[in-house]
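Undergrad: have a look; sequence and predicted model below, questions after that.
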Amino acid sequence: MAELPSGLLEACVVVGTSSDKLRDIYQIVQQSKSNEFPSLEAEVLQVHAPPFVSKETNSSQPAFSRVQRRKSFIKKKRRERTETVSNGESSNRADVSSVTEDISVPKDLDLIALPQLCFPGGMQLSSEQKEDTYHFLVFTDLFGNRTHGVVVQYYRAVQMCQENGHRWISSKCRLFTPFAICIISKFPYYNALRDCLSCLLVQLRPARQSDFEERVKEFSAKLSLVPLPPPGQLHVSFNLQPLVVVLPSREDQDSPVIDIDLHLPFLCFSHATLLQILSCLLQEQRMVFFSSDWSRLTLVAESLLVYLQPLSWQQPYVPVLARGMLDFLMAPTAFLMGCHISHFEEVAAETEDLILVNVDEGIIQSSRSDSIELPAIPLHAAECFISRVESLQVHYDLELCHLGSGTDVNAIRTQRRDWLRRLNTQIQNISLELVVNIFKGVQDFLNHEHRVFNSEEFLRTREPADQLFYKKVLETHIFHSFLRDRLNRKRDTYSRMEQSLRNHAHRNRAMTETPSRRPPMSELSRSTFSSYASPDHKLSKKLGASMPNLLQPPADFLTVLIPSRPASLRKMTPDIGLKFQNKPVKIFRLPDFPPPMAYHYVQKYYLNMVDSLKSAIDTTPTEEAALLARYHYLRGLVNTVSNRPLEALEDFQSLYKTDSDIFPSQMVKSLVDSLPENERMLLEKRPEIKRLITRLKQDQERERAQNGKSYENGTVKRFKLPKTYMHLEEFVKCVQESGIVKDQGTIQRLFDALTVGHQKQVSPDLFRVFYTIWKETESEAQEVCLPASVLEHIEASECVFKVSSSVKTSRGVGKIAMTQRRLFLLTDGRPGYVDVAQYRDLEEVKVSSAPILLLRIPSLKLRVRGRKDAFEANLKTETELWNLMVKEMWAGRIMADQHKDPQYMQQALTNALMEVPMMVPTTTAETLKHKINPSLELTAPHAVDVLLYTPGQLWVSVSGGKVMVFDASTWCLTHTCQVGTARLNCMLGVDTDQVWMGSEDTVIYIISLVSMVCNRQLTEHRAEVTGLALDTDKYSQKVAYSCSAEGTVMLWDIATLQVKKHFHLNCDRLQSVTSYNGSLWCCSRDSISEVWRSGNVKHRLHLPEHPKGSLTTFTSFLLLPEIEEMWSICADSGEISIWHMKDTSRPFHRVLLPDCLGCYCIIKVKKQVWIGGLGRSSTKGKIYILDAEHHQVLKELHGHTDKVTGLCSAEDRYVLSGAAKQDGKIAIWKVE
């Protein structure tokens, strides 16, 4: 029988003293009659590990059979003797013949140190019965994998028995010996396993010694039958008399199991001390925890490590050190270990550079002094954490004040468990917010393409008081692992919370303009950035003004600038950390364990579990897909272990349609590989199983390909200035890594500007000078701290990009400041605001000269629309620089207004002066409202593959399965999802909760509009999915159609995600499907067919002949049923063919679009038809608007630099267009 995957029990080990040694010690004690007892040496007495039951077991054999995994160093010896000393009554003489038995030990389980850890304080006889005690262990292998142990120590009376013929006469004495039972599991189910051991002790106390081993075996066998719940909101419970034990599930695949009281550290330490401990952990110090309670050491340490999630402790971790292991504390590397409080003085005196944490007294100190000299957690993050924690209710007794006394122990336990789950969730949210606040902004200094982290720039944005903390943290393994996850774009709790904490304005700037690291002045005014203005931190303004800053972009649009340091987060809304949506939890109750643990009864137990799961699946509504997925997962596990591979594979196949995130690829692969060839061939005859196996093979090939890049995905580089001459390729990489700019076109122009003559190379010295000037100029503007009287005149999102020296102007003396929207004068003396000009209002910018005594000083003269007098500033040596900068901003503003594209403001300071701005036709300027750049953070534009509008949201698919969701009211990015790795061909809003996406990898992906997670897949197609459509069946139920390139059309039941019907069309690449009036219209490259729902072709129309006699291919079509017309468009042709829907023999009318090379998309909006194509003369994207009734071209719109690949309508008020990769932008057009 197969071993149950992901089982609860790894092994159950009994530790104590052998009977021989007990006998000897007992005799010594009897003879000496002393009250002092000698120490005992603990040893492993029993090891019980699954599998316990095999198919060959029959009624005449023992109930259990341990299958040997590998030979152990342990030997269990039983010798025949006349006098035995035991922990209970003597066993039958027939069982005490001289036997040497090998004890099987699970693979990778080392028992050498286990006896010491089960009795970390030593093993001692006692003259009285002692209370049972529990503690917890963590084992770490060479690869960092952790195994967990729960130990109970209990005492039994030692009895001396002498043989007298066939009778045994017992003579009892007051002597008790300790035993330990340790449950070892791969998962940290500390509370649950402690409950299990408590139930075991209830059974062991009245049991005879002869039954002891069988009782422990039976207990272990029961735990081996318990399946672990998959990630999500389904827990598993089982009855282990007298308690009902609950196994909580993980929140998601990347989250740890939480089965401890996370509030314990709050009961042990003050908030300030707790933050000190977390700071030491983040800095990877050598830390030792002390307590008089062994269990407290592990529980507190485990809680603290959960607080740091998703950061993971990478150093040695031994929360419980036995007395004989104190030499571990001499290790030179960082570590986290725990000792008994009795060793505190010894450890403090004999070791150096240790952080000592007294859990019992709640204090922290170093081994050198009573204080900690390490830098503390940044103040703003600490304040936020303390304010959140102060609102926590960590005392359960306060929850019980209004309740009566409970009489049902399991009901009382359930009540406390629910309270603890809510509290644990709150604590996890608060601690996660702490981590986010500490490392917020790291993402802005990452270059994903080159896997570079610009640590120097990141440090420069931190407060001076916090820089030492960050310097230490940035060098740790824990931070390196965290960076690796960020560079791999891992979607975990950190990334989700960081995105939720970004304010709305920043997200808006991030996509409609260039994402900036420079903070808006509203944030600077609230923060402590003014501290950077101290002389110690100011940079040379003279150097910054000595040379034009070629790549200084405007305001919100710079790709890499300084991020803001937020004000005290006590001002933030407290809802983020404390108020959360309490996800409902379901508990699946396992059947009662079989009384005799024989094969037949175990199989019946599994059948009962399958029946219970079937009942749960049948009673769960299809809307609760996530819960259904968990039931299918559990049933798949049970079917796997009970040798029903077909049923198991069917359950795992169901996960694609319910929640593919929990699909156990490795388990299914092992299951398929273990099947005999004949069984596998039979399974592959079933289409759904064959699809599963095929998909599994594809995933394995993709995984192997990714493993080939594993080294690359694991590297993290720090940016360093170049040391050798750079050609263009090296220069592009260096500039992108530095964070100055990502756009390759801009970098090409910069390269041309910095290289002179035929030798196209940039020297390292020249780049260093340029980089220094760019950073110093940036720093100057960063140091500006505007008073409130000035801030009220500028918008909250504005940033200061350039500040002049103090100069005389026609409106007073002061410094000229430049933002992305305006110029203003910051007057000297009492700081004041004098408006100079907004860029769009400028009429003239020129260099002039102002007479001062006998000299003429160079000055800058500006004429502003609506003002009589010109503004003149005596900028002296800075005049040429400011003339260049203002003209560029002016030109950029003009182009941004004409193109409705804010990105032209980015180019205003990074490109050379555009003396003749690109002019936009009047028609385009009047219709174009705005532009969005989805490829903003990429090094090159990516094609917009598909556009979809759902109420309030715009869905955009770019290459490689990346889906971006924008708020349709502000056009700001709200979510990003990765849907497979292949290009998406189509998207469809199915109902208020689902968006379906057809991919080139043959899968239909389903995204939930509630959770914005893609965890369901439809895998029935055998070729790339090219089209999706909605319809209603004869019962008025909503259904969906999908088509794939090879001609297959499928009808889907939206509620059950089952295929109701499918048929095949003979055609050249089926591209789309549309439902109308009981029939389907299917478009392929060579024909458009009207098909009955049964699949029979009703009409088929073929490509019209091109005027020159050649044929092209259909790209799309549009039905206009109100006038009974069908419009078709073709690639490589600017002609529209218009057909009668009832007579499709040939088109009755054709419209030739002016200057059109080909058409790619078509939609109807009100009484207009919009067509996206490619211009013939300029090879740029064009949109044609036609009158649907009169077939006349109303407008030609020029909004893209590449062909228009997608169109969609937003409630007939706006039309959105997306372009191919040379442009990669989305234009938003007003519908008239």
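TA: That came in fine, so what should we check first?
Undergrad: buried sites along the longest helix anywhere in the chain?
TA: The helix that spans the most residues within the chain, counting by DSSP state H, is helix 409-439. Using 16 or more other C-beta atoms under 10 Å as the test for burial, helix 409-439 gives 413-415, 417, 420-421, 423-439. Bear in mind the C-beta positions are built from the backbone N, C-alpha and C, glycine included.
Undergrad: next one: stretch 1074-1091
TA: Buried-residue list, stretch 1074-1091, by 16+ other C-beta under 10 Å: 1074-1075, 1079-1085, 1087-1091.
Undergrad: which of the residues you listed lies closest to residue 1036?
TA: Comparing those against residue 1036 with C-beta to C-beta places residue 1075 closest, at 14.0 Å.
Undergrad: is it correct that the closest one falls within a strand?
TA: Yes: when classified by DSSP: H, G, I helix; E, B strand; the rest coil, residue 1075 is found to be part of a strand.
Undergrad: shouldn't it be in contact with residue 1029?
TA: Yes: in this structure residue 1075 lies within contact range of residue 1029 using C-beta atoms under 8 Å: 5.0 Å.
Undergrad: overlap in contacts of those two?
TA: residue 1041 (C-beta atoms under 8 Å, 6 or more residues apart in numbering).
Undergrad: let me know the secondary structure of residue 220.
TA: Per three-state DSSP, residue 220 ends up helix.
Undergrad: list the contacts for it?
TA: Applying C-beta under 8 Å, 6+ apart to residue 220 gives the contacts 9, 11-12, 48-50, 52.
Undergrad: recalculate using a threshold of 7 Å.
TA: 9, 12, 48, 52 (C-beta atoms under 7 Å, 6 or more residues apart in numbering).
Undergrad: looking at the residues you listed, which is nearest residue 1102?
TA: Once C-beta to C-beta is applied, the member of the contacts of residue 220 that ends up nearest residue 1102 is residue 9, at 67.9 Å.
Undergrad: helix/strand/coil for the closest one?
TA: Under three-state DSSP, residue 9 comes out as coil.
Undergrad: for the stretch 651-800 of the chain, just list every one of the strands.
TA: Counting by DSSP state E, counting those that start in this stretch, the stretch 651-800 of the chain has strands at residues 717-718.
Undergrad: also the stretch 301-450 of the chain?
TA: Using DSSP E, counting those that start in this stretch, strands in the stretch 301-450 of the chain cover 317-318, 335-340, 355-358, 363-366, 446-447.
Undergrad: what is the least confident helix or strand in this structure?
TA: One helix or strand of the chain scores below all others by mean pLDDT, DSSP states H and E: helix 541-545, with a mean of 29.
Undergrad: quick one on the thing from earlier: make CSV out of the strands of the stretch 301-450 of the chain and add distance to residue 256 and mean neighbour count.
TA: Shown next, in CSV, are the strands of the stretch 301-450 of the chain (distance: least, C-beta to C-beta, whole Å; neighbours: other C-beta atoms under 10 Å):
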stretch, distance to residue 256, mean neighbour count
strand 317-318, 13, 20
strand 335-340, 16, 23
strand 355-358, 22, 22
strand 363-366, 25, 18
strand 446-447, 25, 20
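Undergrad: now render those as a markdown table, adding distance to residue 973.
TA: Formatted as a markdown table, the strands of the stretch 301-450 of the chain follow (distance: least, C-beta to C-beta, whole Å):
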| stretch | distance to residue 973 |
| --- | --- |
| strand 317-318 | 39 |
| strand 335-340 | 39 |
| strand 355-358 | 42 |
| strand 363-366 | 43 |
| strand 446-447 | 18 |
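Undergrad: which one of these lies nearest to residue 1035?
TA: Of these, the one closest to residue 1035 (C-beta to C-beta) turns out to be strand 446-447, at 52.8 Å.
Undergrad: now do the contacts for residue 1023.
TA: Per C-beta under 7 Å, 6+ apart, neighbours of residue 1023: 1002, 1044-1046.
Undergrad: please disregard the earlier target; I meant residue 812.
TA: If a contact means C-beta under 7 Å, 6+ apart, then residue 812 has 825, 827, 834 as its contacts.
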